[in-house]
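Asks: Sequence first, then the predicted structure:
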Amino acid sequence: MDIDSPSSSSTSSTSGAPRRALLGASALGLAGAAATTLGAGRAQAAPGDRRGGAQVDPGRRRQGDDRFRDKAVLITGATSGIGRATALAFAAAGARVAFCGRRTALGRQVEQEIRDSGGEASYLPADVRDPAQVERFTEQAVARYGAPDIAVNNAGIGSGKLLHELSVAEWDDVLNTNARGVFLALSYQIPHMLKAGRGVIVCTASSAAEQARPNGGAYTASKRAIQGLVKAAALAYGTRGIRINAILPGTTDTAFVRPPGIPDAAWERFKKAYGPLNIEGLERMAEPEEIARAILALTSDDFGYQTGASVPVDGGATAGRRMVLPPVN
């Protein structure tokens, strides 16, 4: 399945136990064969190559970038991956960032990283599956920074099992984290935005919502549900000053995708082969910083007329596939 890296909420506890990656370690066995198969048939990116865009350190403030100065930003699932990159990017652009996640040690690290760079951020532990914790996170953030100008509902987990192999508990965990978690976040964020008369929300769905895979039924269902929530909410609150959109990341190079314990060299070989085989447009995985920049763009005034949309940021993965014709004998 096309995989994004939406969460810092994971299957691990706050103790920092290893996360469940969507690509199992056995998948890396494909890398060598894939690289051989590609051969001279397709150009492959050299290490460090960023086709279609340069990698940027989101924690380093861009000269003159104060688009979000003093804006209050709430982010769920920001202790790693896309969420972490988004928190760093907003803080670098002047925002005051409150973010949550289950992994306390990583959350504190991200908080300190932002503060060491001169930004303002607060990590507030919360599990988006628990209504009381989501409410507490929202209220603590509002008490600290005021009503949210922007919210990014990003927490999520994955599942790589066929439907008949999924237990009810596993299905519930994916749907409760990804879809119900977004519903809970919206339900506590929107009243504050209504009272303030303005707000912008981005919810992290996935390119998998548009392009399913055989072993991604629960994940695809949860991400498709997010798109429905976004459409309904955009219609309900647009005339009351609130814009709501979904972003659909493609496969992104984060711990959500990378199996734990894989050496860097092996992972680089895998990525080099994976892109041309699976992402027709740019032929590479995304970097989390690229998805973060797209989120910042969607929440900026530049997109003031956009609401209810699902925006793919997937390197062209969902645009289609080239036609492969059999030989004519």
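Replies: Yep, it's here.

Asks: From here on, just use CA atoms for contacts and neighbour counts.
Replies: OK.

Asks: Strands along this protein, start to end?
Replies: 72-76, 96-99, 120-123, 150-153, 199-204, 242-249, 310-313 (DSSP state E).

Asks: quick one: contacts of the third one?
Replies: Looking back up the chat, that one is strand 120-123. Applying C-alpha atoms under 8 Å, 6 or more residues apart in numbering, the contact partners of strand 120-123 are 91, 95-100, 107-108, 110-111, 114-115.

Asks: Output the longest helix belonging to the chain.
Replies: helix 217-237 (DSSP state H).

Asks: Just give the number of residues close to Glu170.
Replies: 15 (other C-alpha atoms under 10 Å).

Asks: ok, it - contacts?
Replies: By C-alpha under 8 Å, 6+ apart, Glu170 has no neighbours at all.

Asks: Read off the pLDDT value for it.
Replies: If you check Glu170, the pLDDT there is 97.

Asks: begin at 40 from here
Replies: With 40 as the first residue, the last one maps to Glu209.

Asks: wait, Gly280 sits on Gly238?
Replies: Yes. If you go by C-alpha atoms under 8 Å, Gly280 and Gly238 touch, sitting 6.4 Å apart.

Asks: Between the two, which is the more surrounded one?
Replies: Gly238 (25 against 13).

Asks: Return the residues in contact with Arg237.
Replies: 188, 279-281.

Asks: Take the contacts of strand 159-162 and lay them out in CSV including distance to Gly256, neighbour count and pLDDT.
Replies: Converted to CSV, those look like this (distance: C-alpha to C-alpha, whole Å; neighbours: other C-alpha atoms under 10 Å; pLDDT from 0 to 100):
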residue, distance to Gly256, neighbour count, pLDDT
Ala130, 35, 31, 98
Ala134, 37, 25, 98
Arg135, 37, 26, 98
Val136, 33, 30, 98
Ala137, 32, 28, 98
Phe138, 29, 30, 98
Cys139, 27, 30, 98
Gly146, 30, 25, 97
Arg147, 34, 16, 98
Val149, 32, 23, 98
Glu150, 34, 24, 98
Ile153, 36, 23, 98
Arg154, 40, 16, 97
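
Asks: Can you add distance to Glu329 and give these back as CSV?
Replies: Formatted as CSV, those follow (distance: C-alpha to C-alpha, whole Å):
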residue, distance to Glu329
Ala130, 16
Ala134, 18
Arg135, 21
Val136, 19
Ala137, 21
Phe138, 19
Cys139, 21
Gly146, 21
Arg147, 23
Val149, 18
Glu150, 20
Ile153, 18
Arg154, 22
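
Asks: what's the closest of the residues you listed to Arg219?
Replies: Cys139 (16.0 Å; C-alpha to C-alpha).

Asks: show me the contacts for that closest one.
Replies: Each residue near Cys139 by C-alpha under 8 Å, 6+ apart is listed here: 114-118, 146, 162-166, 176.

Asks: Which one of the residues you listed is nearest to Gly343?
Replies: Of the contacts of Cys139, the one sitting nearest to Gly343 (C-alpha to C-alpha) turns out to be Ile114, at 20.0 Å.

Asks: hang on, the closest one packs against Gly140?
Replies: No. The criterion here is C-alpha under 8 Å, and Ile114 misses it with Gly140 at 9.0 Å.

Asks: Out of the contacts of Arg237, which comes closest to Arg332?
Replies: Asp188 (17.3 Å).

Asks: count of residues packed around that closest one?
Replies: 24.

Asks: Would you quantify the distance from it to Ala333?
Replies: Per C-alpha to C-alpha, to the nearest Å, Asp188 is found 17 Å from Ala333.

Asks: ditto for Asn193
Replies: Note on Asn193: its distance to Ala333, by C-alpha to C-alpha, is 13 Å.

Asks: Settle it for me: which of those two has more neighbours?
Replies: Asn193 (30 against 17).

Asks: Quick check, that one in contact with Thr243.
Replies: Yes. Contact criterion C-alpha under 8 Å: Asn193 and Thr243 qualify, at 4.9 Å.

Asks: pLDDT weak spots in the protein?
Replies: 40-103 (pLDDT under 70).

Asks: all helices in it, in order from the N-terminus.
Replies: For the chain, the helices defined by DSSP H cover 68-77, 120-131, 143-155, 170-184, 207-214, 220-235, 256-276, 303-317, 327-338.

Asks: which of the ones you listed is buried the deepest?
Replies: helix 120-131 (a mean of 29; mean count of other C-alpha atoms under 10 Å).
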